[in-house]
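>>> Curious how this folds, go ahead:
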Amino acid sequence: MRIRTTAVLAASLILLPLTACSSSPDDKPAASPAAAAPSSSAPPSASPSPTRATPLAFGQSVTTSAAEDGSVATATIIGYQQGIRAQQSADKENGTDGYVWAALELKVCSTKGTIDTSRFPWVLSYPDGVRIEPSGTTFGDFPKPEYPIEAKVKEGDCVRGKTVFAVPSAQRPTKVLYTTQLLPEPAEWAVPPA
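This next block holds a predicted model:
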């Protein structure tokens, strides 16, 4: 009996707001907000939601700055190549099926102060939401020059090289993301079609 009473009470509480009617002071039903609002083709007065910036093209740079030491750097992507052959396949190295090696050529320059750089903020992004980070593996026959795992770059100098990713052979990334903490949101470059 107690379960039935609880169930009836719960159903009543759920249905009560759905069946309640609003009325005006003269006991006539109030018009619904949709019926009361005039139709207009003019946009609402509220500010529109921000639009996402268009991804950069390869060769275009993004500038970063570090508040703690005032250093400033630029970063860009030179190119992307998929289907790199190496002494060991991406599948064998990663225990996968259908993966190949791909190389992303990067360039980072210090324009003020000494900066630290690494290959690990660079991520490949696919249309289905998959993101792939650089391989932690390196072989002697990977494309040269290799981008360093970590490096310090003094003012006026640059570091340039290729970093390798294990990627699905049947897909191509649509964007490259630079996920450094020095940017409020990741910088994006559009990967050109093959």
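>>> Might one say that Ser125 is in contact with Tyr178?
No: applying Cβ atoms under 8 Å, one finds Ser125 not in contact with Tyr178, separated by 10.9 Å. The C-beta positions use only the backbone N, C-alpha and C, and glycine is treated the same way.
>>> Quickly list what's touching both of the two.
Shared contacts of Ser125 and Tyr178 (Cβ atoms under 8 Å, 6 or more residues apart in numbering): Glu188.
>>> What pLDDT does the model give Trp36?
I think there's a mix-up here, since residue 36 is Ala and not Trp. pLDDT, Ala36: 38.
>>> correction: Asn94
Reading off the confidence values, Asn94 has pLDDT 89.
>>> residues in contact with the spatially closest residue to it that is not a sequence neighbour?
Sequence neighbours aside, Ala166 is the residue nearest to Asn94 in space, at 5.0 Å (criterion: Cβ to Cβ, 6 or more residues apart in numbering). By Cβ under 8 Å, 6+ apart, Ala166 lies in contact with Ala90, Glu93, Asn94, Thr96, Tyr99, Val100, Trp101, Ala102, Ile132, Ser135.
>>> my guess is the fourth one contacts Ala90, does it?
In this case it means Thr96. Yes: if you go by Cβ under 8 Å, Thr96 and Ala90 touch, sitting 6.9 Å apart.
>>> Compare those two and say which one has the larger neighbour count.
Taking other Cβ atoms under 10 Å, Thr96 and Ala90 do not tie; Ala90 has more neighbours (23 against 13).
>>> you'd agree that one is up against Asp97?
No: judged on Cβ under 8 Å, Ala90 makes no contact with Asp97 at a distance of 10.2 Å.
>>> contact partners of stretch 97-106?
Stretch 97-106 is touched from outside by 75-86, 89-91, 119, 122, 124, 134-135, 142-143, 147, 160-170, 176, with contacts defined as Cβ under 8 Å, 6+ apart.
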